[in-house]
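[1] Sharing a model that was predicted from the sequence below.
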Amino acid sequence: MASIPALHIGFALFPDMTQLDFTGPAQVLTRMGNTTIDLVAKSLAPIPTDAGFTLQPTATFATARMPDILFVPGGFGVVPAMEDTETVAWVRQAGERAQWVTAVCTGALLLGAAGLLKGYRATTHWASHHNLALFGAEPVHERYVFDRNRVTGGGVTAGIDFGLALVAAIRGEDHAKFVQLSIEYDPQPPFDAGSPDKADPAILDRYRKMVARMASDRDARTRAVADRLSLS
C-alpha cells in the first residue's frame, strides 16, 4: 500500500500499563498499511506491564520521531505517569504536533494531564470516567469518542473498536472491514457482564474493593495533577 500516505505512530509506554490497552489497538492500527511505529518511553529499559511481561521500547522521549498518530494506553501506572514531568512533557509535545491524538482506557487522563483534552469530548474506563472533567474534558459514555482530531476509547477491550473506527476514518471503511476480517474480530462473549450496569452487584462491589485496595489514592492524586495543570 505504498501509494497511500505514510503514517508514523508513537505508542507511549510507562510502567504498570495495561498491555491490552496497547496491544489491541497496535494490532489493528499497524494493519493500516504504509505505517511505521515507535514504542516510546523514558529509557530503552524494558517496561513492565500489568500482565507480568515486559515491552521493549524502540525510542526514548529524547530520540523519538514526532508521530502522526499519538497513542496513550492506560492502567494503574497512569497516575505515576501523570506525575512524571518528562512523560507529560513528551505527550504534550507529541500531541501538539500529531494529526491524531488518541488514547484508550485511562490513557485519556494522561492526555488530560498534558492539557490535550480541554474543551474536547472524551471517554475512558468507567471507573475513572468522573475524572475526565478535572482536565476540562466533556465526559461521554460511549465505546469510543471522536472530537476533531482527538479519539478516545473506553476500558481495555474498547481499544479494538477504537482502532477499527480510527482506521475507517483514516483509510476508509472498506479497509477497516478488511482489518476486522483479518483479525477475525467477531466477538461473542460468554457472559454479559462487561459494564457496571450489566454486572452482578456483588461482582461490581468486588471490583471496587480491589481498586480501593490497589489504588486507594488514585482519585486524590489525579485531582492534584489537575490542580497543578490549572495553575500552570
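    Received it, and whenever you're ready, just let me know what you need. Numbers count the residues shown, from 1 in each chain.

[2] Break down this structure into its helices, ranges please.
    Using DSSP state H, the helices of the chain run over residues 19-29, 78-83, 85-97, 107-113, 158-171, 173-182, 201-214, 218-231.

[3] quick one: which of those helices is nearest Arg65?
    Nearest to Arg65, of all these, is helix 85-97, at 9.4 Å by CB to CB. The C-beta positions use only the backbone N, C-alpha and C, and glycine is treated the same way.

[4] Just name whatever secondary elements that closest one is in contact with.
    Contacts defined by 3 or more CB pairs under 8 Å, 6 or more residues apart in numbering; DSSP states H and E place helix 85-97 against strand 7-12, strand 69-72, helix 78-83, helix 107-113.

[5] Need the residues that contact the shortest one.
    What that stands for is strand 69-72. 7-12, 22, 25-26, 29, 91, 94-95, 98-104, 107-108, 110-111, 166 (CB atoms under 8 Å, 6 or more residues apart in numbering).

[6] Pass me the low-pLDDT residue ranges in this protein, would you?
    Applying pLDDT under 70 to the chain picks out residues 1-2.

[7] if you set the cut-off to 90 instead, what comes out?
    1-3, 230-232 (pLDDT under 90).

[8] what's Gln27 in contact with, if anything?
    Ile160, Gly163, Ile183.

[9] That one and Ile160: what is the separation?
    8 Å (CB to CB, to the nearest Å).

[10] Find the residues that touch each one of the two.
    By CB under 8 Å, 6+ apart, the residues touching both Gln27 and Ile160 are Ile183.

[11] His141: neighbour count?
    Number of residues near His141 (other CB atoms under 10 Å) recorded here: 11.

[12] Hmm, it is touching His125, no?
    No - taking CB atoms under 8 Å as the definition, His141 is not a contact partner of His125, at 11.4 Å.

[13] Now the helices and strands packed on helix 85-97 in a markdown table, please, with extra columns for distance to Ser195 and mean neighbour count.
    Putting these into a markdown table (distance: least, CB to CB, whole Å; neighbours: other CB atoms under 10 Å) gives the following:
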| stretch | distance to Ser195 | mean neighbour count |
| --- | --- | --- |
| strand 7-12 | 26 | 23 |
| strand 69-72 | 22 | 29 |
| helix 78-83 | 20 | 23 |
| helix 107-113 | 17 | 30 |
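
[14] Which of those sits closest to Ala62?
    Of all the helices and strands packed on helix 85-97, strand 7-12 comes closest under CB to CB, at 13.3 Å.

[15] Grab the nearest non-local neighbour of Val91.
    In space, and not counting its chain neighbours, Val91 is closest to Ala114: 4.3 Å by CB to CB, 6 or more residues apart in numbering.

[16] wait, Ser43 sits on Ala62?
    No - contact between Ser43 and Ala62 fails when scored by CB under 8 Å: they sit 9.4 Å apart.

[17] neighbours around the closest residue to Ala59 other than its chain neighbours, how many?
    Nearest residue to Ala59 in three dimensions, chain neighbours excluded: Asp38, at 4.3 Å (CB to CB, 6+ apart). Residue neighbour count, defined by other CB under 10 Å, stands at 20 for Asp38.

[18] do you know how far Asp38 is from Met66?
    10 Å.
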